[in-house]
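Visitor: how does the following fold in three dimensions:
(one chain, ligands or ions: 1)
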Amino acid sequence: MSRPTTTTCTSCGKRLNKKHWYYRNGQYYCKRACWQSAVAKVQNEKAAAETPATPNA
Ligand SMILES: [Zn+2]
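Guide: Numbers count the residues shown, from 1 in each chain. Now for the predicted structure:
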């Protein structure tokens, strides 16, 4: 159990190429763009979760 057997991109779900992948914050990504989009998504969700549900009518 030294490494994951089926590693897929956290962002797009693609199988990862053995040589080209990014490992960031415990997640695997097939390319930098996937990592960045995933980071942006998480930050958006965080911001949404931290923001009180009071829509500015
Ligand atoms: Zn990807």
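
Visitor: state whether Y23 is indeed within a strand.
Guide: Yes - counting by DSSP: H, G, I helix; E, B strand; the rest coil, Y23 is located in a strand.

Visitor: near it, how many other residues are there?
Guide: Y23: 12 surrounding residues under other Cβ atoms under 10 Å. C-beta: built from backbone N, CA, C; applies to glycine.

Visitor: secondary structure element for Y28?
Guide: Element membership for Y28, per DSSP states H and E: strand 27-29.

Visitor: ok, and the closest non-adjacent residue to the residue nearest the centre of the chain?
Guide: Nearest to the mean C-alpha position of the chain, by Cα atoms, centre = their mean, lies A38 at 3.4 Å. Distance criterion Cβ to Cβ, 6 or more residues apart in numbering; nearest residue to A38, sequence neighbours excluded, is S11 at 4.2 Å.

Visitor: how about the residues of the chain by the ion?
Guide: With Cβ under 5 Å from the ion as the criterion, the chain meets the ion at residues C9, S11, C12, K14, C30, C34.

Visitor: tell me the predicted confidence for the third one.
Guide: In this model, C12 is scored at 92, pLDDT.

Visitor: what about it, which SS state?
Guide: Look at C12: counting by three-state DSSP, its state is coil.

Visitor: one step back: for the strand holding Y28, list every residue counted as buried.
Guide: For strand 27-29, a neighbour-count test (16 or more other Cβ atoms under 10 Å) marks Y28, Y29 as buried.

Visitor: what's in contact with that strand?
Guide: Strand 27-29 has contacts (Cβ atoms under 8 Å, 6 or more residues apart in numbering) with P4, T7, T8, C9, T10, S11, L16, W21, Y22, Y23, W35, A38.

Visitor: please repeat the previous calculation with a cut-off of 6 Å.
Guide: By Cβ atoms under 6 Å, 6 or more residues apart in numbering, the residues outside strand 27-29 that reach it are T7, C9, T10, S11, L16, W21, Y22, W35.

Visitor: could you identify the helix or strand that succeeds it?
Guide: Scanning forward in sequence from strand 27-29 by DSSP H and E, the next helix or strand is helix 32-50.
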